[in-house]
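> structure for this input, please:
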Amino acid sequence: MNQETIDRLDTIGQQLHDRALALSQSQSQEGQDHALMMSALATLTTAVRTLDDNVTRLDGPKGIGAAGS
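All right, here's what the predicted structure looks like:
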């Protein structure tokens with residue numbers, strides 16, 4: 001992933017998390033359901049970001065393996 005994509009994931013994940021917190025205070029079941037879905041999406045964006053970090057670390061420095069291809 002390029003840095004722009006990573007930055008977008010970080011921003012979207014934070015926005016989803018913030019919105020989920022706001023919706024979790026909702027009195028309606030629908031609002032709470034939306035909060036749960038947004039929280040799950042925020043967690044997913046964090047997982048994708050972490051996976052990218054792990055792949056980059058495992059790939060190694062440029063010139064060795066796939067990064068150097």
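> for the host helix or strand of Val48, list every residue counted as buried.
Assigned by DSSP states H and E, Val48 belongs to helix 29-59. Residues of helix 29-59 classed as buried by neighbour count (16 or more other Cβ atoms under 10 Å): His34, Ala35, Met38, Ser39, Leu41, Ala42, Thr45, Thr46, Arg49. The C-beta positions use only the backbone N, C-alpha and C, and glycine is treated the same way.
> just give the nearest non-adjacent residue to the second one, would you?
Read it as Ala35. Among residues not flanking Ala35 along the chain, Leu23 sits closest, at 3.7 Å (Cβ to Cβ, 6 or more residues apart in numbering).
> I'd say that neighbour and Met37 touch.
No: counting by Cβ atoms under 8 Å, Leu23 does not reach Met37; the two are 9.4 Å apart.
> so how far is Met1 from the spatially most central residue of the chain?
Computing the C-alpha centroid of the chain and ranking residues by Cα atoms, centre = their mean puts Thr45 first, at 1.6 Å. Distance, Thr45 to Met1, by Cβ to Cβ, to the nearest Å: 12 Å.
> now do Gln27
Distance from Gln27 to Met1, by Cβ to Cβ: 39 Å.
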